[in-house]
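Engineer: my questions are about this predicted structure, shown below with the sequence.
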Amino acid sequence: EPEVTQTPSHQVTQMGQEVILRCVPISNHLYFYWYRQILGQKVEFLVSFYNNEISEKSEIFDDQFSVERPDGSNFTLKIRSTKLEDSAMYFCASSEYSNTEAFFGQGTRLTVV
Amino acid sequence: AQSVAQPEDQVNVAEGNPLTVKCTYSVSGNPYLFWYVQYPNRGLQFLLKYITGDNLVKGSYGFEAEFNKSQTSFHLKKPSALVSDSALYFCAVRDPYSGAGSYQLTFGKGTKLSVIP
C-alpha cells in the first residue's frame, strides 16, 4: 500500500540552526501539507501546497518557514532559524484531490536545544 | 472559522462492548469530516470520512460514524471493541467553502480510547 514517508524520524538541532524536514508524498497525489503537533497539544495546520505553490498557510507559518518541491518526488519543510518552541512532531501529508482524505507520514520529531 | 470539539479526554470500554467517541464541529457551510487514529509513536492513520451522501459512513477496522447535521456531530462508533483499538482518536473538519485555498484540516484535541480486556 502506498504511503507517505518522512525523514529523518528524529532530529535534534541547536537553537538558531536551520533544519530541513523531508517528505516523499504518495506518487499520484497532487496536494501536499505540513502539520505539527507540540507534545500534548492539538495537531495544527502549517501549510498546503498545490501546483508548485503555497495554497494556504496558517499564522504559525511565518517567514522562518518555507516549503519546496525540488523535484518530482520530494516535499520539504525548512525552518531557517529554529527556536525552542519549534520543538514538535512534524507531519507531512498528501491527498489525491482537494476533497479526498489526506494520508499522513510517520512524522519527524524535531527537538531544538 | 472552523472548529472541532472532542468533549472526552479519555474513554474506557470493556472488550466486546460497543464504543462511541464523540465529536462535534462548527463550520459556516457544509463540512468535510474525518476520523484519524494515532498509535503510540506513529503517524495519523485515516479511518473514515464524510463528504456528502449517506449520513452513516463505514471505515477501516469495523469503525463507522454518523453525520448529524442538526446536532453538528460526527461520533465514531464500533459495535464490538478490541484491545487493539486502544489508541488516540482525532476528529477533523474541513470547510471547503470558507474561502480560497481552504484546504486545511482542523483537528480536535484527541480522545484516548482504552479497551480493557
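Structural biologist: Arrived safely, thanks for sending. Residues are numbered from 1 along each chain as shown, chains lettered A, B, ... in the order given.

Engineer: count of neighbours near residue 80?
Structural biologist: The chain I'm using is chain A. A:R80 has 13 neighbours, counted by other CB atoms under 10 Å in any protein chain shown. C-beta coordinates here come from the backbone N, C-alpha and C atoms, glycine included.

Engineer: ah, I was thinking of chain B
Structural biologist: Using other CB under 10 Å, B:S80 is surrounded by 12 other residues.

Engineer: roughly how far does the closest residue to A:Q11 other than its chain neighbours sit from A:R80?
Structural biologist: Sequence neighbours aside, A:L110 is the residue nearest to A:Q11 in space, at 5.3 Å (criterion: CB to CB, 6 or more residues apart in numbering or on different chains). Using CB to CB, to the nearest Å, one gets 14 Å for the distance from A:L110 to A:R80.

Engineer: ok so, going back, next up, the contacts around the residue nearest to A:Q11.
Structural biologist: Contact partners of A:L110, counting by CB atoms under 8 Å, 6 or more residues apart in numbering or on different chains, are A:11, A:13, A:19, A:21, A:79, A:82, A:86-90.

Engineer: return the member of the residues you listed nearest to chain B.
Structural biologist: Of all those, chain B sits closest to A:M89, with 8.8 Å by CB to the nearest CB.

Engineer: now the host helix or strand of that closest one: mean pLDDT?
Structural biologist: Element membership for A:M89 (DSSP states H and E) is strand A:88-95. What strand A:88-95 shows for mean pLDDT is 96.

Engineer: may I have it exported as PDB, CA atoms only?
Structural biologist: Extracted in PDB, the C-alpha atoms of strand A:88-95 (Å, rounded to 0.1, in the frame of the first residue of the first chain):
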ATOM      1  CA  ALA A  88       7.300  19.300  17.900                       C
ATOM      2  CA  MET A  89       6.300  16.400  15.800                       C
ATOM      3  CA  TYR A  90       6.000  17.500  12.200                       C
ATOM      4  CA  PHE A  91       3.700  15.500   9.900                       C
ATOM      5  CA  CYS A  92       3.700  15.600   6.200                       C
ATOM      6  CA  ALA A  93       0.500  14.600   4.400                       C
ATOM      7  CA  SER A  94      -0.700  14.300   0.800                       C
ATOM      8  CA  SER A  95      -4.100  13.900  -0.900                       C
END
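
Engineer: what sits up against the helix or strand just after that strand?
Structural biologist: Next along the chain after strand A:88-95, taking DSSP H and E as the criterion, comes strand A:103-104. Outside of strand A:103-104, the residues within contact range by CB under 8 Å, 6+ apart are A:3-4, A:26, A:29, A:35, A:91-95, B:36, B:43-46.
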